[in-house]
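Enquirer: no letters, just coordinates:
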């Protein structure tokens, strides 16, 4: 079943792990068995791979983010 919506979290250098965890809890957990619509959740960053968090953990982005403005961060 395809998700009704897809949410993408932009993960930059020194991402705040707590705030990223909130987004993952709200949008990343499958609650369709509780009657909620399925939501896709993606992590996007400036390049695929690991990104250091501001704590002792890291996140991995599977997709590269793109903007309409060259050089935008």
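Expert: Arrived safely, thanks for sending. Computed from a predicted model, the values in this text were never measured in an experiment.

Enquirer: could you tell me whether residue 22 really is in a strand?
Expert: No. Counting by DSSP: H, G, I helix; E, B strand; the rest coil, residue 22 is not part of a strand but helix.

Enquirer: from now on call the first residue 44
Expert: Renumbered: residue one is now 44, and that last one reads residue 65.

Enquirer: what's the mean pLDDT across stretch 83-103?
Expert: For stretch 83-103, mean pLDDT is 72.

Enquirer: can you give me the strands in this protein?
Expert: Under the criterion DSSP state E, strands of the chain are mapped to 48-53, 82-88, 92-95, 101-104, 106-107.

Enquirer: report pLDDT for residue 49.
Expert: Predicted confidence (pLDDT) for residue 49: 85.

Enquirer: so which bits of stretch 52-70 are buried?
Expert: Residues of stretch 52-70 classed as buried by neighbour count (16 or more other CB atoms under 10 Å): 52, 54, 58, 63, 70. The way it works is simple: take the backbone N, C-alpha and C, and place the C-beta from them, glycine included.
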